[in-house]
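> what follows is a predicted structure for the sequence shown.
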Amino acid sequence: MTEAKTITVGTAVAAPGQVVRGVIPVTELAGLTKLEIPVVIINGINPGPVFWVDGAIHGDEPEGPLACQIALREVDPAKLSGTLVLVPVINVPAFEAAQRGNPLDTFSYDMNRIYPGRPNGYLSERVAFAHSEWMTKVADIEISIHSGGAHSYLAKAIFVDETDPSIELAMAMGEGWGNIMSNFIPKGSPMAQMKAVGKTGITVELGGRSATSPEGFATVGRELANAILNILYHYKMYPGTAVYPKPAYKGQQEALLADASGIFIAAPGVAFLTLMKKGDPIGKIVNIFGDELAEMVAPEDGLIFGLRALPNVMTGDWCCFYCKIEGERSWAPKA
Ligand SMILES: [Zn+2]
């Protein structure tokens, strides 16, 4: 019988049974502000895997940090087998600016495209490198929490690489997380880097600008924290009964872009995560007098999992995130 181990991430060193906060140091800025990545380790008293949760690699996505803080309050290391590592905010300068990327770094702005980063690269590449080094060394499984950010609202969506471990991790997200797609694995994302070292990471999406009312934001945070807990239940890291999405779909993402500039008006009755037929109306773009300029329809049988949050739209903007469904997944938990 192996024993629970001390876990180290950056300056945080957690013995079994401890909850310890620390940082992954990166560099120092001109005003002597330290650029570092905050981290908390919840290290269980019993041995088990290391489950690593990442938030806010995009700074306009506060849903990950909210989910992490709920999990931090609720997970008791005395009941935990293995370790939960929470990185609420990877991209601190972007988070502080509430922007997708660090506004001070235009050359590696989107941090979800630059992993594993470079120790001698642009500023965000150095942040990515510092994070990637610890994540790939310590984590067994990883989820990156995203949302629609400033531009969109995204209903529950997951991106996997179609390996069995990634599908298992996706299903372990729990009830309602059946929109599981596999064509959009951003090159240079944390999940791609986990895959590169033979480990498992997935990208999950929930929330965004149209769900930041007090009630909407609280609901999104609760749902994401529930998914973290459900993963702990599924991998037998925490006492509890895991639940699974039913149905679960295999699909491919298609981002539908605006064909005109104006105001985006969703079609009456259009709903998230609801099956549609090819050609069903999604919405239209009208000019300021109400004249129709463009119509948006379902490109294939599938479902809508995201819509732009601000109806003002420019030609080429993200309008709708659509999952083209290829079939149902037959995955079931091992007996
Ligand atoms: Zn994102």
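Thanks, I have the structure now.

> contact residues of the protein facing the ion?
58, 146 (C-beta under 5 Å from the ion). (Each C-beta comes from the backbone N, C-alpha and C, glycine too.)

> any idea which residue of the chain is furthest from its center?
Distance from the centre of the chain peaks at residue 289, with 38.3 Å (C-alpha atoms, centre = their mean).

> ok, now how distant is that residue from residue 296?
Distance of residue 289 to residue 296, given as C-beta to C-beta, to the nearest Å: 19 Å.

> and if you look at residue 89?
34 Å.

> who touches residue 208 in this structure?
With contact set as C-beta atoms under 8 Å, 6 or more residues apart in numbering, residue 208 has these partners: 61, 63, 147, 148, 149, 150, 151, 152, 153, 154, 306, 309.

> and the residue of the stretch 201-335 of the chain found nearest the ion, what does it touch?
Closest to the ion within the stretch 201-335 of the chain is residue 205: 7.3 Å, counting by C-beta to the ion. Residues in contact with residue 205 (C-beta under 8 Å, 6+ apart) are 146, 147, 148, 154, 156, 157, 158, 159, 305, 306.

> so where's the longest helix in the protein?
helix 214-234 (DSSP state H).

> show the subsequent helix or strand relative to that helix.
As assigned by DSSP states H and E, the chain's next helix or strand after helix 214-234 is strand 249-257.

> what does the helix or strand just after that following strand rub up against?
Sequence order places strand 262-266 as the next helix or strand after strand 249-257, per DSSP H and E. Contact partners of strand 262-266, identified using C-beta under 8 Å, 6+ apart, comprise 258, 282-288, 293, 307-308, 311-313, 319.

> could I get the buried residue list for strand 262-266?
Neighbour counts over strand 262-266 (16 or more other C-beta atoms under 10 Å) mark 262, 264, 266 as buried.

> how much space separates the residue of the stretch 201-335 of the chain closest to the ion from residue 239?
Distance from residue 205 to residue 239, counting by C-beta to C-beta: 28 Å.

> how about residue 297?
48 Å.

> need the pLDDT of the residue most central in space within the chain.
Central residue of the chain (C-alpha atoms, centre = their mean): residue 145, 2.1 Å from the mean position. Residue 145 is assigned a pLDDT of 98 by the prediction.

> helices of the stretch 1-150 of the chain, residue ranges please.
Applying DSSP state H, counting those that start in this stretch to the stretch 1-150 of the chain gives helices spanning 63-74, 92-97, 123-138.

> residues in contact with the shortest one?
I take that to be helix 92-97. 35-38, 56, 58-60, 62, 65, 89, 100-105, 111, 127.

> of those, select the buried ones using a PyMOL command.
Selection command for PyMOL covering only the buried members of the contacts of helix 92-97, criterion 16+ other C-beta under 10 Å:
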select buried, resi 35+36+37+38+56+58+59+60+62+65+89+100+101+102+105+111+127
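
> just grab the bridge partners of residue 318 for me.
Counting by DSSP bridges, residue 318 is bridged to residue 257.

> and if you look at the one 5 residues further on?
Residues found in beta-bridge contact with residue 323 (criterion: DSSP bridges) are residue 253, residue 303.

> and for residue 265?
residue 284.

> show me the contact partners of stretch 168-175.
Against stretch 168-175 from outside (C-beta under 8 Å, 6+ apart): 141, 143, 156, 158, 160, 177, 180, 200, 202, 204, 226-227, 230-231, 234-235, 242-246, 248, 329, 331, 333.

> now it: how far from the chain's centre is it?
Here the centre of stretch 168-175 is set off from its chain's centre by 13 Å, with C-alpha atoms, centre = their mean, to the nearest Å.

> buried residues, that stretch. List them.
168, 169, 170, 171, 172, 173, 174.

> got the end-to-end distance for that stretch?
14 Å (C-alpha to C-alpha, to the nearest Å).

> ok, now stretch 224-243?
Stretch 224-243 end-to-end distance (C-alpha to C-alpha) = 14 Å.

> mean confidence score for that stretch?
What stretch 224-243 shows for mean pLDDT is 98.

> repeat that for stretch 81-92.
Computed over stretch 81-92, the average pLDDT equals 98.

> with stretch 180-189 instead?
Stretch 180-189 comes out at a mean pLDDT of 84.

> same thing with stretch 260-275?
For stretch 260-275, the mean pLDDT works out to 96.

> quick one: end-to-end length of that stretch, please.
With C-alpha to C-alpha applied, stretch 260-275 spans 26 Å between its terminal residues.

> give the contact list for residue 118.
For residue 118, the contact set (C-beta under 8 Å, 6+ apart) comprises 125, 126, 129.

> try residue 270
Taking C-beta under 8 Å, 6+ apart, we find residue 270 in contact with 281, 282, 283, 304.

> got it, and residue 56?
Contacts here follow C-beta under 8 Å, 6+ apart; on that basis residue 56 touches 62, 64, 65, 88, 89, 90, 91, 94, 95, 145.

> what's near enough to touch residue 288?
Shown in contact with residue 288 (C-beta under 8 Å, 6+ apart): 262, 263.

> which parts of this protein belong to which domain?
Following automatic domain parsing, one gets these domains for the chain: 7-234, 251-328.

> which of these sits most buried?
Between the domains of the chain, domain 7-234 has the highest mean count of neighbours, a mean of 20, where neighbours are mean count of other C-beta atoms under 10 Å.
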